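**Q** Only the shape, not the letters, is given here:
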């Protein structure tokens, strides 16, 4: 409790304290019960009282000497009132008034902005102004104000060096002994500043900056110990997805391990609790659900790591290493977040320690590497780890109860195999893995009712067509490089694979047929234009991959191929917007349409 | 296809706004909605425009453009009803801050009902109309989503964790344990809605919060049962969702409006939304998994937001300036509303590689078909030209042929004599008489070189080329009207007399060359001399068998008779020989046939044996496996027995001992039995293996037999053939061995009759490529051209052929064609320039004068028909 003020009569001080408590109650409790036809009733009441407080304080402030020791406190009181007035004005949509009041608040305390009595109000006012300008679609202004808040906090910490603690608004007006924790209030306010900064950076497109601030927000939540464990774990795991897709595998793994640890601890706590079964069930359900989500994040981590390893090797083999030797990856700077930081004009040091020092994560982190794989032996453990996580997630996301999630997990499993295939040299084993993919995807497709899951079915048709094509290419390569040349068996197999690819693409195309017809509508839904045209593009190629001796069949396939290209060209000619979607492919289609009929003629003349 | 329609509706000022002296900030024009920012300083044009499917102006009832409840229903509600009856789902979202008129639009006051009552009434009304042939059933559910928890608003109690949202692979998304209530009229619906709303309020109060933070979904499930197209019973289910979305500001604060709707640039105040912020960061990247935060709504509406459903969003807004920011936020939301249809797009990984492959293919195709694409027309022209050229050439040849014959008129004449046609020549010549080729119908006439040598032989470059002769067989020298035959290194005979030295030949002499060729010498000048001298002409023989020599004495006549007799005899013998040969061949064929049948039989037998062997082998294998099983069993039994014995050793109790002994005895017996069976099996196995060996032997024997039969036949036929050859050889010897024959005489003309079978005179096809004829150089060229074309076509077929080489080929072809034309022109000139020294050619590609009867008729039709 602060000692009573000399400059303000005691009765006024008590009145102020009383009014402050009333306002707090109105804003924090009663406003939530305002009727829909008068939603701001409590807030308007609070405004009246705050204005009265403002008058009282201002009245006594005028007489103060410039060196009076009580000045900071009285300024802080006025600042507090102005802050509340400003926030309330914003709440009742009187934005300009609110802005003015908030600015007044800051002006009032300018002199004492780093004073323990004022700091919380200054930071809050800046935060509020930041929000206001963000709502006015001026994120840069918002960034300035929030940046100022961040800096002010830092200055305060440097200035005070822990000597004196920030004072809470409650204590400011309080005449009693009860003490509120001002320090905690300050830290919470700063956490909000960081959180708002994360959002503003996001809005401005500085994603890495935004991610850094999200991490800091998470870290501060952790340290404050005020967080919902499941929410926190989920957020950390989600943030790991950002890092994993920006080559920050070390950071991604750390965030995943943290999420895992928090969930494990939460599970222990739950297990110990003796509650009514229903409530516990609900909590367990939520835990299981979100644990499955974190598992899926882990799996995505592995998948991303494998995919990045692949693209890295491809890039390396394109760049140098003419002797086929792969340089050690450890020093590969392009594969860390630092590189991204440099390109985002952020000091690399800022991304150095994106960790949660308060958590012991070594054990969880050693389960899987954060380095890219160079050879099959290195890729395999990553694959196995990711597949384990997917299997775990599948236990919650069952086909019966969570059809689309279950299918997504199956799709991820297929992608994992696809990534591992890159590291596998043996064609037969490659084929086998493709076969696994096909089995998985076809199983998923077989169980889904297209009436409800049409978009997923479309994806599956597409992916299956791709997988069959990849498998076909392996078989063809094998046939070509074999000494024995094509055998009836290998030809049959190849034609079978091509036919399956064609079939799935046709399924996809037919799913777009106009209601009750057997033809495509004149205009295709925008998001599906490119997929549809791509399907035709793939078809055009696949139809020419059949190996048949019968000239009639050859002609038919070639005609089908021509028709596919024709559809693309015709559609693009009719719809200008489609041209841009197919910029890379359209030229090829046109050339094909020029050349293939000649080939067709030659074939039919031969 | 999912179709989303977005409508915005502005309400009149409410009392509070009127009290505040609010100004209107909303303008509407057609589909456009404009919001004006009055807080901007004067002169600053502060407004934003949005375009929606519908902008409803319900600001002032007196306004002529005022949009009534009726109009809103007509334009939005009827579609929902129609969609439901068609069997598709429909979804009607209402959206807007509290007090924006959402409830007015959706429910409305009793005297001016909103969308929901109108939709329900329309549906129940339509059911009444169509009830004859269909059954309808409507049930209702009402739920609320608050903090991602689903609560049943029509149930008496809810589990604390909320109801679970499920997705069944076949039945789609659903809420487990949600109560459904059958309804039959709108009143019923209204009651349930009222009940739900009350539950919502109570719940909200308990949670110390306002209801605007939750979404509410009122669902009408509509089932139609009736007879389908083919009289089959069918049932369709469609759902109509009426969704009350949480208010915009509040929704943003909780992040509870679905993933896609929080893209706004505004700062979320509460840390509760950290998840959304992080999700927004992560979800922009492909390949990341972002756990659903607040997707229950999207989940539940999945069956309405995809597929063929109809989705309508109605955003309600206030017209007042004091609500500017909220209204703007609502409009922005509505503008993005179409994105709520969360369509996952398809992946497309291998495109880059595919494009590269296709580019390569195009490059190849261009190489292959390049000449056709760019100078396509040119190629076609060339093709046409080539065809024309060959047609012209063909025509020119024929023309030249006729012309040549006509030009040779002085040397060669055609005339009709009685029924015959007579071919005359005024120069000394040889006429070929082919004895072997009975089917030939042409007559070949060789002119002799004047005052010089005419070389006859098989070698190319000879003046008269005849196959089967020595390369330089003989020379006929014509000097001062006297012809002398000088054999070089081949067998020659004059009038049947072999000659090895130069011998004079005269009109009518028959010259035998080698074994097959007989030529008759005609000298028109000599013949004319003879005729003048009054010699009798004979036409009795086609062979010129009659003599033209009046000095021929009786002896010579007898000799002539004898010669004819011999010739007949020769013919007779030859025929007999042919007959014999045919018989022999017949016999051989029969023998072969027999052999074939025998072979087949043997083969059949072999197959049978082999099958049998196979069967036996199978049995052996089976036997072996049986044996193994038995042996295993035996082993096991032995082990068991041993165990038992061991056990017995340890066992003390007499009773058990006895029992064990019993068992042992039993086991022993069984074991013995088994062993016996093993032995038996072994025996059978051996027996079978022996049988297989036997079969093998049989098989070998059968094979040998076939071989022997084959050899025998071969030997026999060879012997027969040899015998026949021998006989034939003796026959020719006999003929040759006869005494000298008088020179046969004949007219200098060669006679042929169209109505008689024409014999001999072969246009031997083997002669045609001699290169002697006039056209030969051209022909070689033509061949080259053809070869070149062939080459190009082959190259075109070969996908790997590179373009340059192809171009070279084509250039070469064109060069050749040009050369061909040059040559042809030149040759035509030569031909016309002077009389041909070479033998007259009747067919351009056949060097000797080969007048085929049919060709002859064709070209001389005019002369033939003239009297």
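**A** Looks like it arrived, so ask away. Nothing here was measured: the structure is a model prediction, and the numbers come from that model.

**Q** Quick one: end-to-end length of stretch A:575-584, please.
**A** This stretch, stretch A:575-584, spans 16 Å end to end (Cα to Cα, to the nearest Å).

**Q** actually stretch B:477-494, sorry about that
**A** Terminal residues of stretch B:477-494 are spaced 14 Å apart (Cα to Cα).

**Q** Sort out which residues of that stretch are buried, please.
**A** Of the residues in stretch B:477-494, B:477, B:478, B:483, B:485, B:487, B:490, B:491, B:492, B:493, B:494 count as buried by neighbour count, 16 or more other Cβ atoms under 10 Å in any protein chain shown. In this view, the C-beta of every residue, glycine as well, is placed from N, C-alpha and C.

**Q** Contacts for it, please.
**A** Stretch B:477-494 is contacted from outside by B:428, B:448-454, B:457, B:469-470, B:472-476, B:498-506, B:509-515, B:521, B:523, B:525-526, B:743, using Cβ atoms under 8 Å, 6 or more residues apart in numbering or on different chains.

**Q** how about 7 Å then?
**A** By Cβ atoms under 7 Å, 6 or more residues apart in numbering or on different chains, the list of residues contacting stretch B:477-494 from outside reads B:428, B:448-453, B:469-470, B:472-476, B:498-500, B:502-505, B:509, B:511-514, B:521, B:523, B:525.

**Q** Which of the residues you listed fall within strands?
**A** Members of the contacts of stretch B:477-494 lying in strands (criterion: DSSP state E): B:452-453, B:474-476, B:498-499, B:503-505, B:511-513, B:521.

**Q** As TSV, the buried residues of stretch B:477-494 with secondary structure and pLDDT would be great.
**A** Conversion of these to TSV gives the following (DSSP: H, G, I helix; E, B strand; the rest coil; pLDDT from 0 to 100):
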residue	secondary structure	pLDDT
B:477	strand	86
B:478	strand	83
B:483	strand	84
B:485	strand	86
B:487	strand	86
B:490	coil	81
B:491	coil	84
B:492	strand	85
B:493	strand	84
B:494	strand	83
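
**Q** what two of those residues are the furthest from one another?
**A** Farthest-apart pair in the buried residues of stretch B:477-494 is B:478 and B:491; separation 22.0 Å (Cβ to Cβ).

**Q** Contacts only, for the closest residue to chain B within chain A.
**A** The minimum distance from chain A to chain B, using Cβ to the nearest Cβ, falls at residue A:282 (2.3 Å). Neighbour list for residue A:282: B:159, B:160, B:161 [criterion: Cβ under 7 Å, 6+ apart].

**Q** how close does the nearest residue to residue A:370 once chain neighbours are set aside sit to residue A:369?
**A** Spatial nearest neighbour of residue A:370, excluding adjacent residues (Cβ to Cβ, 6 or more residues apart in numbering or on different chains): residue A:249 at 4.1 Å. Using Cβ to Cβ, to the nearest Å, one gets 8 Å for the distance from residue A:249 to residue A:369.

**Q** higher neighbour count, those two?
**A** Using other Cβ atoms under 10 Å in any protein chain shown, the more surrounded residue of residue A:249 and residue A:369 is residue A:249, with 24 against 16.

**Q** Distance-wise, check the more buried one relative to residue A:312.
**A** For residue A:249 relative to residue A:312 (Cβ to Cβ), the value is 12 Å.
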